[in-house]
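Participant: Could you look at this predicted model? Sequence included:
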Amino acid sequence: MGKINKKLLFLLISMIIISIFISGCKKDAVEKAEEDIKQKDVSIDVGTKKTNELVNRGEKIADNLVELIGVEGATAIIYGDEAIVGVEIAEEVELDENMINMIKNTAIESDGQIKEVKLIADKKTFDIIDNIAQALIKGDSIDKYKKEIDNIIKKTK
């Protein structure tokens, strides 16, 4: 009986030690996974905060442009150091060089961080810009619309 008890005791102790090692490794893996999730959440928060900042800046520009005489509607997207601005001009107003300069200067003065303003005055492109701006307000990433924005910028050069 003594040999069997020693073998059982040795087997039991071995099982306990192995169980401790296995559960200890799982705990580290779980902690590592939780850490990875927290890091991902931080990056999402940073991206969201950045998008929200860009949306707020674009809305501020649009609000200031609508106050101009002759501008019926305005929308703006901040893209890098540029503002892509769509405007709807009143029927009785001519979009001449003075009006274009006034709109661009107002946009630049509204946001000290932009260096250039791309001005769009046609209805179709205005609607595209406005739809993108609305999607950004709802939380979409600007990266999702990069191709469309690049196409708009190419049209304005």
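Facilitator: The structure has been received and is ready for your questions. Residues are numbered from 1 along each chain as shown.

Participant: Helices of the protein, start to end?
Facilitator: 2-66, 97-110, 123-137, 146-156 (DSSP state H).

Participant: rank the ones you listed by mean pLDDT and give me the bottom one.
Facilitator: Mean pLDDT is lowest for helix 2-66 out of the helices of the chain, coming in at a mean of 70.

Participant: What is the burial count for I153?
Facilitator: By the measure other CB atoms under 10 Å, the count of residues near I153 is 16. Using the backbone N, CA and C atoms, a C-beta is placed for each residue, glycine as well.

Participant: Same question for D140.
Facilitator: Neighbour tally, D140, other CB under 10 Å: 14.

Participant: ok, now K147?
Facilitator: 9.

Participant: now I17
Facilitator: Neighbours around I17, by other CB under 10 Å: 10.

Participant: Enumerate every residue touching it.
Facilitator: Contact analysis of I17 by CB atoms under 8 Å, 6 or more residues apart in numbering lists nothing.

Participant: Kindly report the same for N105.
Facilitator: Contacts of N105 (CB under 8 Å, 6+ apart): none.

Participant: Please report how far it lies from L136.
Facilitator: 24 Å (CB to CB, to the nearest Å).

Participant: And for K104?
Facilitator: K104 is 22 Å from L136, by CB to CB.

Participant: E116 bridge partners, please.
Facilitator: E82 (DSSP bridges).

Participant: Pull the contacting residues for it.
Facilitator: 81-83.

Participant: which of these count as buried?
Facilitator: Neighbour counting by 16 or more other CB atoms under 10 Å classes 82-83 among the contacts of E116 as buried.

Participant: count of neighbours near N5?
Facilitator: Quick note: N5 (other CB under 10 Å) scores 9 neighbours.

Participant: before we move on, what about T156?
Facilitator: 14.

Participant: Over to E148?
Facilitator: The local packing of E148 (other CB under 10 Å) involves 13 other residues.
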